[in-house]
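**Student:** give me the fold of what follows.
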Amino acid sequence: MSDLFAAAGLENQAPQPLADRLRPKNLAEVVGQDHLVGPEGALTRRIASGSLGSLIFWGPPGTGKTTVARLLAHETKFTFVQISAIFSGVAELKKLFEEARGRRAAGQGTLLFVDEVHRFNRAQQDSFLPVMEDGSVILIGATTENPSFELNAALLSRASVLTFRALDDEAIAKMLARAELLEGRPLPLDESARAALVRMADGDGRAALTLAEEVWRAAAPDEIFDAAALAEIVQRRAPIYDKAQEGHYNLISALHKTVRGSDPDAALYYLARMFDAGEDPLFIARRVVRMAVEDIGLADPQALVVANAAKEAYDFLGSPEGELAIAQAVIYVATAPKSNAAYVAYKSAMRLAKEHGSLMPPKVILNAPTKLMKREGYGSGYAYDHDEPDAFSGQNYWPEALGRQKLYAPAARGFERDLRERLAYWAKLRKAREEGSGS
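**Tutor:** Alright, predicted model coming up:
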């Protein structure tokens, strides 16, 4: 075997992936994460302050989490130790902690990088707490999952979460330009193929460099690939629709606005476009639920029921049958009467709550579980609506300092037409009873 390696000229040098050879040598070379490592970035400020603290790096694959952890260790002169939660157990952790304590006693800090930290169970996550608290290690845990759901509260309370963003087209383009400089040759791609390769990477820098390597391996001298040829080379279909960029947002916007505009035919067309492009049906189903509450509301309360049922049907049936349930929901919401009155009323209520702070509700509608509260007038004079004519007392429930407000103005369409008449009737009763009581 050694003779074979010698014949190939590889006895002293194992092949090294382009992504490893292009790994940044300092934080300034990291692309796509300026909010962390730029001049005013969160990590830049921490390094300048001399207080790094334990961190959780949260973000999609190929965005630089491991690289940044290594560079932080270099910047802070800490010993860098890397483990993966997939392959590490309790015994290895104990050994690492003892070694870290030894280094601390000798005046040397340890930066412990844990990849896939969310894979550790609760007990394993708790084992980090003592060495984090006594300063034996600075923990940097990397995860692609939401830390709020996957990590213990105790661990999160001792670490700051920093979010890594999927690389945008500009960041991917910078990485490819650096790769060409390192290789000393341009990628054999025309303009359309280069743009397609960037889309194929889907915000993953490592994937972009792996694709670039495949292209260089496949190219004959002086050969230039177009987008179709690129798709053949990498054995994957070039995206006609980028789920993270303009195509995604354009089509979901078109779907939403055609539903709001009560055009079921156009809505079905854009829905089909999204299905054909490979959009996640559950993303669409969630958006249809949003349409039901934002653009239909109480004009047709059944719209929310139908939209939720479509999501449940897709969960139950899967693809491709489940898509029909979503299509049915899209037709329903597109043909339903429209009203954003509930949406507008909710936003007005939130604005009112923020502007006026913690106003006390009137004592008449507050319970009085203690004698003291009864003496203070809590609940005094409360009229039980079911005992009143028309089951309506007409009492004023607003804080005295604020006075009665009108937030919800139902439209004269669909079921809200009935609500509009009901509210007008109650307003008439309330006015008559206020005038009758002399208030």
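**Student:** contacts and neighbour counts: CA atoms only from here.
**Tutor:** Noted.
**Student:** got the contact list for the residue nearest to Asn26 when sequence neighbours are not counted?
**Tutor:** Nearest non-adjacent residue to Asn26, counting by C-alpha to C-alpha, 6 or more residues apart in numbering: Leu71, 6.1 Å away. The contact partners of Leu71, taken as C-alpha atoms under 8 Å, 6 or more residues apart in numbering, are 25-27.
**Student:** quick one: mean pLDDT for the helix or strand harbouring Leu71?
**Tutor:** Assigned by DSSP states H and E, Leu71 belongs to helix 65-76. Across helix 65-76, the average pLDDT comes to 90.
**Student:** give me the next element, helix or strand, following that helix.
**Tutor:** Following helix 65-76 toward the C-terminus (DSSP H and E): strand 79-84.
**Student:** list the buried residues for that following strand?
**Tutor:** 79-81, 83-84 (16 or more other C-alpha atoms under 10 Å).
**Student:** what do you get for stretch 290-309?
**Tutor:** 290-304, 306-309.
**Student:** pick out whichever of the contacts of Leu71 sits closest to Gly203.
**Tutor:** Checking the contacts of Leu71 against Gly203 by C-alpha to C-alpha gives Leu27 as the nearest, at 19.1 Å.
**Student:** pretty sure that closest one contacts Arg70?
**Tutor:** No: at 9.7 Å, Leu27 and Arg70 do not qualify as touching, with contact defined as C-alpha atoms under 8 Å.
**Student:** got any ranges where the stretch 301-439 of the chain has weak pLDDT?
**Tutor:** Scanning the stretch 301-439 of the chain for pLDDT under 70 picks out 437-439.
**Student:** show me the helices in it, by range?
**Tutor:** Assigned by DSSP state H, counting those that start in this stretch, the stretch 301-439 of the chain shows helices spanning 302-317, 321-335, 341-356, 371-375, 414-437.
**Student:** how distant is the first one from the center of its chain?
**Tutor:** Spelled out, it's helix 302-317. How far helix 302-317 lies from its chain's middle: 23 Å, per C-alpha atoms, centre = their mean, to the nearest Å.
**Student:** now the angle between helix 414-437 and that helix, please.
**Tutor:** 140 degrees (axes from the mean of the first three to the mean of the last three C-alpha atoms, to 10 degrees).
**Student:** generate JSON lines for the buried residues of strand 79-84, with pLDDT and distance to Asp168 as supplementary columns.
**Tutor:** Shown next, in JSON lines, are the buried residues of strand 79-84 (pLDDT from 0 to 100; distance: C-alpha to C-alpha, whole Å):
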{"residue": "Thr79", "pLDDT": "90", "distance to Asp168": "32"}
{"residue": "Phe80", "pLDDT": "91", "distance to Asp168": "29"}
{"residue": "Val81", "pLDDT": "90", "distance to Asp168": "30"}
{"residue": "Ile83", "pLDDT": "87", "distance to Asp168": "28"}
{"residue": "Ser84", "pLDDT": "85", "distance to Asp168": "27"}
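**Student:** of those, closest to Pro221?
**Tutor:** The closest of the buried residues of strand 79-84 to Pro221 turns out to be Ser84 (C-alpha to C-alpha; 41.2 Å).
**Student:** measure the closest one to Thr63 for me?
**Tutor:** Distance, Ser84 to Thr63, using C-alpha to C-alpha, to the nearest Å: 17 Å.
**Student:** likewise for Thr143?
**Tutor:** Taking C-alpha to C-alpha as the measure, Thr143 falls 11 Å from Thr63.
**Student:** Pro389 too?
**Tutor:** 66 Å.
**Student:** which one's more surrounded, the two?
**Tutor:** Thr63 (23 against 9; other C-alpha atoms under 10 Å).
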